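Peer 1: Prediction below, plus the sequence it came from.
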Amino acid sequence: MKVKVLSRNPDDYVRETKFDIQRVPRNYDPSLHPFEVCREYTRALNATKLDRVFAKPFLASLDGHRDGVNCMAKHTSSLSLLLSGSCDGEVKLWNLSQRECVRTLQAHEGFVRGMVVRFCGTSFFTVGDDKTIKQWKMETPGYGEAEEPLNTILGKTVFTGLDHHQTDGVFATCGQQVDIWDEQRSSPIRSFTWGVDSFSSVRFNPVETQLLASCSSDRSIVLYDMREAAPLKKVIMTMRSNTLSWNPMEAYFFTCCNEDYNLYTYDMRHLHQPVTVHLDHVSAVLDVDYSPTGKEFVSASFDKSIRIFPKDSGRSREVYHTKRMQHVICIKWSADNRYILSGSDEMNIRLWKATASEKLGVLTPREREATNYRKKLTEKYKDFPQIRRIAQHRHLPKTLFNQSKELKLMKEARRKKERNLRKHSKPGSVPVVSEKDKHVVAVVK
């Protein structure tokens, strides 16, 4: 005889909680859910509000320097190691997971102008006002060992910038000229000049590793190829650029930060006009660094704030500031794309979250699903007026708010003057110049 038995497995209808909550089966037929858009809009609105409520980007302050932090360097293979150099010649190595200084050394007399970690991560280089290039071991010396550099090169002039090749034992310095050095030699293997008094920064391209670019004092950005005997070309702007950063995912694009409060993203193949002009800062922009994904970059400014820009947007998506933070001199985006490090005048290094409302720690699968669902909802409804207003609103310090308002009035006055001049002049005598064309003076090859 055949007997049929009812069998119910609790895993099929009970959720994974300490309470026996019943699972609710759902029919996804659109005809059964006529008000789905209304519900999704309400959820997107609530998700946007919660995103602003939980936006707490500041994580920690690394205090220990006795002078302003002038430069920083990321380790090539370790996420928890950071190097910083200050204006008194001191270099510190920080353990970010423990948030403490693990090593201090007096590297130079005067400012530490630049520092970079060798591609293999076993040593790092520093340059300073004492006209020297020094190479240091990454490991802390043992008990009784003196803190001595592995190698010291004495230059003829002050070095103002430094960068290392991605895969070879070659590094570049800048000062009165751009020099390419081999680690095994005490004199440069190649030097580039183009009628420029001095250079402020030099950067290797992380994708096309034979290319590099520098910012110079004559308001120009110069491009070089190590395989050539002379520089490739340069673009001259209306004001001087301080530093630049290459996009790590797109070989031809770089972003420079300028004294005219803006940042400019260029395609090195078409330098006659920037691809994007990034506004929002109200004072000179001093440093810029790309995220590892190449989709965003972060900028440090003299206006005591840092801003995060999408690479193809003219406006920042985020602005970070604190009451005690002064002029931000250097900025770095961590290699895991989750954190931002800023060094400022008042001797502090600050650690920030790249996404202000991101929850730190391990997420359960349900938390991750809920986070992704809310993120997709806010992306879907981001252009609705109320959601856009909440998402874009930021509280700014009074000085920053007043400066941005004053800058807006000045720009509007200039536009109004141009319109009136064009209106009362002979047709075609006052051409319309776009914002992208205003800032480029010439391209020289």
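Peer 2: Yes, it's here. Numbering: from 1, shown residues only.
Peer 1: The lengthiest helix in the chain - contacts with which helices or strands?
Peer 2: In the chain, ranked by residue count with DSSP state H as the criterion, the top helix is helix 398-423. Using 3 or more CB pairs under 8 Å, 6 or more residues apart in numbering; DSSP states H and E as the contact criterion, no secondary-structure element is in contact with helix 398-423. Just so you know, the C-beta spots here come from the backbone N, C-alpha and C atoms, and that holds for glycine as well.
Peer 1: What strands line up against the helix or strand following it, and which way round?
Peer 2: Downstream of helix 398-423, the next assigned helix or strand under DSSP states H and E is strand 440-444. Within its sheet, and counting by DSSP bridges, strand 440-444 is paired with strand 233-237 (antiparallel).
Peer 1: Buried residues of stretch 102-121, list them for me.
Peer 2: 103, 105, 107-108, 111-119 (16 or more other CB atoms under 10 Å).
Peer 1: and what of stretch 324-333?
Peer 2: Of the residues in stretch 324-333, those with enough neighbours to count as buried (16+ other CB under 10 Å) are 325, 327-333.
Peer 1: Tally up the residues packed near the nearest residue to residue 360 once chain neighbours are set aside, please.
Peer 2: Spatial nearest neighbour of residue 360, chain neighbours left out: residue 353 (7.6 Å); criterion: CB to CB, 6 or more residues apart in numbering. Counted with other CB atoms under 10 Å, the neighbours of residue 353 add up to 19.
Peer 1: check contacts around residue 353.
Peer 2: With CB atoms under 8 Å, 6 or more residues apart in numbering as the criterion, the residues that contact residue 353 are 56-57, 59, 338-340, 360.
Peer 1: now with 10 Å?
Peer 2: For residue 353, the contacting residues are 55-59, 318, 320, 338-340, 359-360, by CB atoms under 10 Å, 6 or more residues apart in numbering.
Peer 1: Quick one: buried ones out of these?
Peer 2: For these, a burial check counting by 16+ other CB under 10 Å picks out 57, 318, 320, 339-340.
Peer 1: I'd say residue 161 and residue 111 touch.
Peer 2: No. Taking CB atoms under 10 Å as the contact criterion, residue 161 and residue 111 are not neighbours in contact, 12.0 Å apart.
Peer 1: so what's in contact with these two at the same time?
Peer 2: 71, 127.
Peer 1: do you know how far residue 77 is from residue 121?
Peer 2: Distance, residue 77 to residue 121, by CB to CB, to the nearest Å: 5 Å.
Peer 1: Near residue 213, how many residues? Count them for me, please.
Peer 2: Residues lying near residue 213 (other CB under 10 Å) number 25.
Peer 1: I'd like the average pLDDT over the helix or strand encompassing residue 49.
Peer 2: For residue 49, the host element (DSSP H and E) is helix 36-53. For helix 36-53, the per-residue pLDDT values average out at 94.
Peer 1: again, but for stretch 295-312
Peer 2: Model confidence over stretch 295-312, given as mean pLDDT, is 95.
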